[in-house]
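J.: Sharing a model prediction with you, sequence too.
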Amino acid sequence: MLNETELNQLYQHLNLSQQAQQIIAEIRSSPPVRRVRSAAGNVSVRYPSRKMGVIIQAESHRNELAGVYEKEYDPETQEYYDQPSRIKLVYQAKNGRRISIWHTPDYFVIRNDSIGWEEWKMEAELLRLAEQMPHRYVREESTWHCPPGEEHANQFGLFYRVRSSAEIDWGLQRNLLFLEDYLRADKEDLDEKAVCSLASLVAEHPGITLQELLAIGKGPSDVVFAMIARGRFYVDLRASPLAEPQRVRIFRDQETAQGYATIAASSCDGGSPFVTIALGASVVWDGRSWTIVNLGATQATLLAMDGTLIDLPQITFESLIKSGRFSSPKESMLAETHPTIHDLLAKASPADFDEANRRYALITSRLAGRSITDRNIPARTIRDWLSKWQEAEARYRCGYVGLLSHHQSKGNRQQRLPDNVSNLLETFILEDYETLKQKSKVAVYGALVRECEERGIVAPSYKTFAQAIQKRPHAEQVLKRQGKRAAYQHEAFYLELALTTPRHGDRPFEIGHIDHTLLDIELVCSHTGRNLGRPWGTFLSDAFSRRLLAVTLTFDPPSYRACMMVLRECVQRHGRLPQIVVVDGGREFESIYFETLLARYECSKKTRPGAKPRFGSVCERLFGTTNTRFIYNLLGNTQITRNVRQVTKSVSPQEQACWTLGQFYTRLCEWAYEVYDTLDHPALGQSPQDAFTMGMALGGQRLQRLIPYDETFRMLTLPTTRKGTAKIMAHLGVKINALCYWSDALLDPEAEKTQVPVRYDPFDAWVAYAFIKGRWTQCLSEHYAIFAGRSEREIQLATAELRKRNQLHGQQFTITARKLADFLTSLEAEELLLEQRLRDAEAREMLAPKEQPIPIQTASLREKESYLVASSKQEDQTKDETLDIYEDF
């Protein structure tokens, strides 16, 4: 960022007025005016900018995020601010009325040569908006403009630019994401021996591929990528993705690369080096252009531009391909062919080619001036084929296309219903059938028949009416009749045909998905055997390898605690966090401490739209896999509850439950980290463990991303208050969530009455932490003996019950630590808090032994599955024998 001196020099260089400087100063000192959200299918992003030192928002990861990466690594861009300010746009509407609106541009950019606002839009959206608001969005050649925005900016000497998604270079974006760990890394010294070896190798072999360089093994991949990121090697980041090393060419410097590119361009003949062998494809053989019209099991048939057909045995055809006798046609050669020929050949089906080849074989004799020996074909048919051949020869200089039948284009394509009947039918479908009333087809058809009788026109048949309904877009129909959530199930999967960044990343730890699910199993208390209900599971999965990076369990609904626990588990097991964390729109993912933790370790957060599970299909499918392959093999699973009428007491999951939280979590980790990890994944063709290992070897170890699992990290995973700080009060300590905490360190007179950062343990309300004199200090509750072992959720339940009780008497009641302590010790609270206390105790027992990562066993998959099933049966059999029996009370 610019300091005051540099900023003033830029003001003078751009000759900006005092009013413009005041606008810039206000934007630089103000937070974003709005928080972006995920809606209507967009995935919003919170990006930790090292250049700006703050979180930068992007409304869409397929548009605005590309602008963020562009500015983050553009040396000409000094500063940029998201959602900077609201500006007033005045323009003429399509109907001629003059309107004014308040508009928030996406970014405010300070560059070395200009300053101003940027608005980012998808190209398709700009085309639509240009139709709706022709005076607000204008396209001149390939550049979009916003005249009212430019008018507003020009009065201050600033710019206003409309940026389209069509401008995005996705090859560059993909490579920036791949290199980001090295671009962000501190400029520590590299292994000089490896650097010298790699530099000499590239100098001796200009244009060596990245794959060849890594295979030679002169230096680790991390050193190679670091040298590319620092500019010590030149790679055209717009040409090929680094994740495909066989396509990436490496040069010593940019001048060398440009020289070799010039040589290659001057020696190129303009044709593609690849030959397409497919039905209807064109090839060049011995200087002539041929079209492949048959690829049979024993022979191939080629069609020349003059209509000549030639049959080649399959062996001969393959030898011509292997020997390079076939080449791809140049554009100039293709242009010589009549364009209709390519169109007719492209529309022909394999059956059309077979029939045309048969017809050609029969008329070959007549074309050569000989008589036809086959008397099974009528002479009139032969004359018709010859006529079509000669007509196509005269029109296109290719008689063969005249023999193509194009059966699929035949038949009556005209509408058979009168226009007035067809329009009325469509009106009833749109306005009477496709409504939230969800009328039946028969009811709507009856109304249609009655309307036709009143108008004196013939009503269509019920079959025609039903077929017209079937031809309507199904997803749109369900949307109008049942709403957007029901329609989502019928929406087509969106396949991104344009080149962007891979949805699952290019390497492990690039993208991680976090999600929660209520697992289909009932658990019991390890001390009393009392049913505690179904646990919530939180999964963190690696999108690239589909590996489960971390799994945690809790009885509490999804909250910030589950988010912190799963990130802590990931660092404990792997020593790092994903570069991008994808979450849904749950409130727990919006918490300040969750976002602070991600920002501290430079992790971007992407938020997928709500009620759109396909955006998070990696985790969603893992939930299903966990249930079907693991949980449904255990006693107490809840499969049977899908058919409520079949559930009796003897088969109820609550009665069958025997697993405790600790036992179940141990086996779940065993299945996730050892069994599932070694099973072949259908989307990968290999196991997640193998995909992870190969990806790490290719993408580099990236040791700069390692996170030590120390006290500092553990402290960051503890939540803080809504304010984030607390005031040190004499003789009282610090008040956190209505509870006072004390430490002897608070006696320091210099610390008294100061605001200090605080943290608290959500599973132990008796302890909290305050940041005093540069270190985190443990503070104990004023009612340590009563609060020891009680969770934050338990305290919340007690607080809610007290408030509810006093509201019944219409009294204003302030919750204090003393009143809470009295309530918690009373018999009245015992029944309310018993179940929560048992759940928290199970959670503490589960978390207590997890100081070391779970070791990976080497047992075979079959032995592991047998072990799990046998253990489950053994525990199920012994549970009833060891369980204490209590009388009813």
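T.: Yep, that arrived. It should be emphasised that the depicted structure is a prediction, and the values quoted were computed from it without experimental measurement.
J.: Please parse this protein into its domains.
T.: As assigned by automatic domain parsing, the chain contains the domains 4-167, 172-267, 282-408, 419-488, 511-711, 718-847.
J.: Need the winner for burial among those.
T.: Among the domains of the chain, the stretch with the highest mean neighbour count (mean count of other Cβ atoms under 10 Å) is domain 511-711, at a mean of 19. Where you see a C-beta, it was placed from the backbone N, CA and C, and this is true even at glycine.
J.: For it, measure first residue to last.
T.: End-to-end distance of domain 511-711: 26 Å, with Cα to Cα, to the nearest Å as the criterion.
J.: quick revisit: need the domains of the chain in TSV (columns: mean pLDDT and distance to H504).
T.: Below are the domains of the chain laid out as TSV (pLDDT from 0 to 100; distance: least, Cβ to Cβ, whole Å):
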stretch	mean pLDDT	distance to H504
domain 4-167	94	13
domain 172-267	87	11
domain 282-408	76	33
domain 419-488	90	22
domain 511-711	85	4
domain 718-847	75	31
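J.: Can you say which of those is nearest to P502?
T.: For the domains of the chain, proximity to P502 was assessed by Cβ to Cβ; domain 172-267 is nearest, at 7.4 Å.
J.: Phi, psi for the closest residue to K347 other than its chain neighbours please.
T.: With Cβ to Cβ, 6 or more residues apart in numbering as the measure, H406 is the residue that lies nearest to K347, at 6.7 Å, once sequence neighbours are left out. The phi and psi torsions at H406 (degrees, to the nearest 10) take the values phi 50, psi 50.
J.: Go ahead and confirm H406 touches D352.
T.: Yes. If you go by Cβ atoms under 8 Å, H406 and D352 touch, sitting 6.1 Å apart.
J.: thinking again about what came up before, mind putting the domains of the chain into JSON lines with distance to G505?
T.: Formatted as JSON lines, the entries for these read as follows, by distance: least, Cβ to Cβ, whole Å:
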{"stretch": "domain 4-167", "distance to G505": "12"}
{"stretch": "domain 172-267", "distance to G505": "8"}
{"stretch": "domain 282-408", "distance to G505": "34"}
{"stretch": "domain 419-488", "distance to G505": "25"}
{"stretch": "domain 511-711", "distance to G505": "4"}
{"stretch": "domain 718-847", "distance to G505": "29"}
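J.: one step back: relative to A356, how far out is the residue nearest to K347?
T.: Distance of H406 to A356, computed by Cβ to Cβ, to the nearest Å: 10 Å.
J.: Over to D419?
T.: Using Cβ to Cβ, one obtains 39 Å as the distance from D419 to A356.
J.: what does A745 give?
T.: 92 Å.
J.: ditto for C658
T.: With distances defined as Cβ to Cβ, the gap from C658 to A356 amounts to 71 Å.
J.: before we move on, what SS does R163 have?
T.: When the structure is split into helix, strand and coil by DSSP: H, G, I helix; E, B strand; the rest coil, R163 lands in strand.
J.: Quick check, it in contact with E118.
T.: Yes. Because the distance of 5.5 Å satisfies Cβ under 8 Å, R163 is recorded as touching E118.
J.: The nearest residue to L242 once chain neighbours are set aside sits in which helix or strand?
T.: Excluding the flanking residues, the one nearest L242 by Cβ to Cβ, 6+ apart is F178, at 4.8 Å. Assigned by DSSP states H and E, F178 belongs to helix 170-184.
J.: elements contacting the helix or strand following that helix?
T.: Proceeding C-terminally, helix 170-184 gives way to helix 192-204 as the next helix or strand, assigned by DSSP H and E. Packed against helix 192-204, as judged by 3 or more Cβ pairs under 8 Å, 6 or more residues apart in numbering; DSSP states H and E, are the following elements: helix 210-216, helix 221-229.
J.: by how many degrees do helix 192-204 and helix 221-229 diverge?
T.: Here helix 192-204 runs at 60 degrees with respect to helix 221-229, directions being taken by axes from the mean of the first three to the mean of the last three Cα atoms, to 10 degrees.
J.: which residues touch helix 192-204?
T.: Taking contacts as Cβ atoms under 8 Å, 6 or more residues apart in numbering, the residues outside helix 192-204 that touch it are 208, 213, 216, 218-220, 223-224, 227, 232-233, 250-252.
J.: can you list those residues in TSV and add distance to Q21?
T.: TSV is the format used below for the contacts of helix 192-204 (distance: Cβ to Cβ, whole Å):
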residue	distance to Q21
I208	51
L213	50
I216	56
K218	53
G219	50
P220	49
V223	46
V224	46
M227	42
R232	40
F233	42
I250	46
F251	44
R252	45
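J.: so, if you compare those, which one comes nearest to V651?
T.: For V651, the nearest member of those is P220. The distance, counting by Cβ to Cβ, is 58.0 Å.
J.: I'd assumed L698 was in contact with the closest one.
T.: No. Assessed by Cβ under 8 Å, P220 is found out of contact with L698, at 11.8 Å.
J.: Can you get me the start-to-end distance on stretch 277-284?
T.: 11 Å.
J.: If you could redo that for stretch 248-256, that was the one I meant.
T.: End-to-end distance for stretch 248-256, by Cα to Cα: 15 Å.
J.: quick one: contacts of that stretch?
T.: Everything outside stretch 248-256 that qualifies as a contact, by Cβ under 8 Å, 6+ apart, is 199, 202-203, 206-211, 213, 228, 233-236, 239-242, 257, 260.
J.: hang on, the earlier thing: taking helix 221-229 as reference, get the angle to the helix holding F178.
T.: Going by the same axes, to 10 degrees, helix 170-184 is angled at 110 degrees with respect to helix 221-229.
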